[in-house]
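Chemist: Kindly return the folded structure for what I paste below:
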Amino acid sequence: MAARVTTKNSKTTARKKTARKTASPAAPRKKPAAKRNAVVVLGMHRSGTSALAGVLNLLGCDAPANQMKPTVDNEKGYFESTSVHGLHNDLLKSAGSSWDDWLPINTGWFKSNRVEEFHDRALELVKSEFGDSRLFVLKDPRICRLVPFWEDVLKESDAAPRYVLTHRNPLEVAASLARRDGMNTGTGMLIWLRHVLDAEAATRGKARCFLNYASLLGNWAGAMTKVQDALDLAFPRFSVGVASEVEAFLDSNLRHHDEAPAAALENPMLSEWVRDTYAILEKWAASGEVKADYKTLDATRAALTSAGTTFAPVIQDSRKTAAALVDRESRLISLQEERERLDQSLNDAVTARQNLTQNRDAIRLERDALRTNLSEVQEERDTIRQTLTQTMSEKANLDGSLIVAQAERDALKDNLSKQAQSLEEDRTTFKKKQAELAAERDALILKRDSLLSENASLRESRNGVAEARDALGAQLADIKSKYQNAETAKGHLEREKNSLVNERLALQAELDTLRSEHDLVRQEKANLQKKVDGLQSSFDLSVQEQDRLATQLATLSDTHEQMTQKRDDLSAERDALKKSVANLKEKLSALQSLQERTEKGLIARTTERDSLKGLRKQAEVAREELAQTLVETRTRLDTLASERDADQSALDSLRGELSQAQSALAQRSHEAEQTHRELQALKAEQSDRDRRFVDMKTSLSRKETALDQEINRIGQLKRSMSEKSNRIAILETSVETQQREITDLTRILIDSEKAAKSEISELKSRGAYAEAAFESMKASTSWRVTAPLRWIVRKIRN
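Modeler: Sure thing, here's the model as predicted:
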């Protein structure tokens, strides 16, 4: 067969070889390249070929670059090229065969053009998997049936093939195949025979060595020494240092099925072909091959091939039927598993839907609660808006009142102008009176000259002077009273004007920004403190100002009454402040107005004090002038005892009046101190109001912040509720879609079950037909028809 592949089916290869052999006589002969050795492992599937290849790799033989991954069936690894495995599958398929085929490969395939195609692919794989390696291991159980093909490929790659044929108890192989692939024992035996017989026949006469799986596991070192000697090789890592690696690799767990050789060799129920072949391989593995056994092996191989030609269609049909049954059962199991999975998915979907429904109900409850909270917040917002509207209305009313107050202020200005004009007229009269007094003084001077001669007229002149003095004092008092009234009216108008302006500004500022008003209140509070301190200084100075004390005390009394009234107003405003936030703003405005009015009152009192000081100075000047006149008169009338006595009496009277004035001054000072204490109490009350105002403002700010946060949270909850509603809708749609898919798959599953049952019934009918045909053949009396069957029965019995 190797000769046919090389000479007939590989013209290109022959041409290449001819080209290599034909060289120019004149060309010097090149030194041959160093020899490469390929250790080819041959053995049936599940016969320990992977273990053997693994040991060879540990001892120094290079493994393929792209190895098959370990699996549950072979946890130590296959030491087999993935690419070579794929090549063999494609090759066997192109030859109309497969890995589990016990028939020989069609000889016509080796004559077809496919050989060249796979030959070139194999050359590329040797190069890509092993590169320039000079010692490598090539392993795949399929090579047992493809030795001629691979021998030609390896020689083309300048690698000498060295064969290691390993085998295993066929009972163990059949059991392993049954466990892994569900293969029946008879088929496993036939495949085992095909692999070991074809491998032996194809490597006969070549460098080879026979091993069994048991010897590899029991004494790997002896087995490898035997391989080295038989193949004329030297493994580079065959040393004591590697022994532990090999022993760890050859784990006893690798052998899942262990049968004694006698269980096969002495089993009369086992085919004679299997028993004879296994006995020869065991003998060769123990003591070397014997040429006399070739005849037996060849006869068995020929009989196997002949029987295959006769019974292959029936067996293959049965195998196909069984495979179809297995496939149908697998499909049925898969469909049942799919149905169970779909049922589970449906249950999960129903559970998920129930959970979603519960979540939806919870979300709806939460949404209702949020709506209730939102309604409450909206009601509170409406209340605040209503309060704000009321405040704006009150502001409009205050604006109207301000306009009325401005009109009243203008009227007061007119009155003030008239009073000022009247005051000016009084001043003119006073000047006239003053001129008259000067004239009278001149007259008195003239009278002084005449008094020296006229003692009787002196009394009359003195009385006239006294009357003139009294008249002048009355006029001066009248002028002071009118001036004080004018100044009081003017100060009152200015206070009213400033109060109205400040009230309007305070109200506008409060509506614009509450914080700015708070800062303004604090600043005005500090100013008020300064002004109160100034008022205290004014009180201290008033002790020394006797002439203006009565007027100032009266003014302070009026101011005290006004403050008392305003304090009552503030108390009413404080009670109203507790009712609403809007009233809080109104109270703040009233408080600021009170502070401003107090400040204006203090300023007015300071102005009045300055005016009174001026009038006092004028009165003092006039009094000094009168005193000077009296002194001059006394000097002129020193000789008049009666006048001096009268003057002394007048002086005593004036001293009594002064004493009374001092007593009144002390009383007024006491009242001033009491007023000061009341002012201090008012300041303390003002501070308390400020603190309450700050607390209320802070509370209002917190409520506004909480309201904003609640509105934001409601918005977030609305968005979250909307998203959850969308998700619920999507999930409901998904559940409905899954339910439809489950319904469709259930219908498909039912149809598939019906079709599978129909096919199974048909296959059973065909199997029954095949069995009936086989029984008919057995019952036939035709010698020609029953000859092959009788021969197989005879072989099995033997």
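
Chemist: In terms of pLDDT, where does Glu338 sit?
Modeler: pLDDT recorded at Glu338 is 77.

Chemist: And for Leu135?
Modeler: For Leu135, the predicted pLDDT is 97.

Chemist: didn't it look like it was pressed against Pro236?
Modeler: Yes: look at Leu135 against Pro236 with Cβ atoms under 8 Å: they come within range, at 7.5 Å. C-beta: built from backbone N, CA, C; applies to glycine.

Chemist: Overlap in contacts, these two.
Modeler: Contact criterion Cβ atoms under 8 Å, 6 or more residues apart in numbering; residues shared by Leu135 and Pro236: Gly60.

Chemist: In terms of neighbours, single out the busier of the two.
Modeler: Neighbour count, other Cβ atoms under 10 Å: between Leu135 and Pro236, Leu135 has more, with 21 against 11.

Chemist: per-residue confidence averaged over the top strand by length along the chain?
Modeler: The strand that spans the most residues within the chain, counting by DSSP state E, is strand 159-167. Mean pLDDT, strand 159-167: 96.

Chemist: Could you do stretch 390-402 as well?
Modeler: 73.

Chemist: Pull out the buried positions in that stretch.
Modeler: Within stretch 390-402, the residues scored as buried using 16 or more other Cβ atoms under 10 Å are 391, 394-395, 398, 402.

Chemist: Identify, by residue count, the longest helix of this structure.
Modeler: For the chain, the longest helix by residue count, based on DSSP state H, is helix 294-451.

Chemist: Show me what that helix is packed up against.
Modeler: When contacts are defined as 3 or more Cβ pairs under 8 Å, 6 or more residues apart in numbering; DSSP states H and E, helix 294-451 sits against helix 185-203, helix 272-287, helix 455-512, helix 581-636, helix 641-779, helix 783-797.

Chemist: relative to helix 185-203, how tilted is that helix?
Modeler: 110 degrees (axes from the mean of the first three to the mean of the last three Cα atoms, to 10 degrees).

Chemist: between helix 294-451 and helix 272-287, how many degrees?
Modeler: Following the same axes, to 10 degrees, one obtains 80 degrees for the angle between helix 294-451 and helix 272-287.

Chemist: what are the pairing partners of the longest strand of the chain, and which direction each?
Modeler: In the sheet, strand 159-167 lines up against strand 36-42 (parallel), strand 208-212 (parallel) (DSSP bridges).

Chemist: and Asp343, how many neighbours does it have?
Modeler: 12.

Chemist: ok, now the one 5 residues further on?
Modeler: The burial count assigned to Asp348 is 11, neighbours taken as other Cβ under 10 Å.

Chemist: Including mean neighbour count, mean pLDDT and distance to Leu342, could the strands paired with strand 159-167 go into TSV?
Modeler: Shown next, in TSV, are the strands paired with strand 159-167 (neighbours: other Cβ atoms under 10 Å; pLDDT from 0 to 100; distance: least, Cβ to Cβ, whole Å):
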stretch	mean neighbour count	mean pLDDT	distance to Leu342
strand 36-42	25	96	47
strand 208-212	24	95	51
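
Chemist: any chance of those in CSV, plus distance to Thr82?
Modeler: What follows is those, written out as CSV (distance: least, Cβ to Cβ, whole Å):
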stretch, distance to Thr82
strand 36-42, 16
strand 208-212, 25
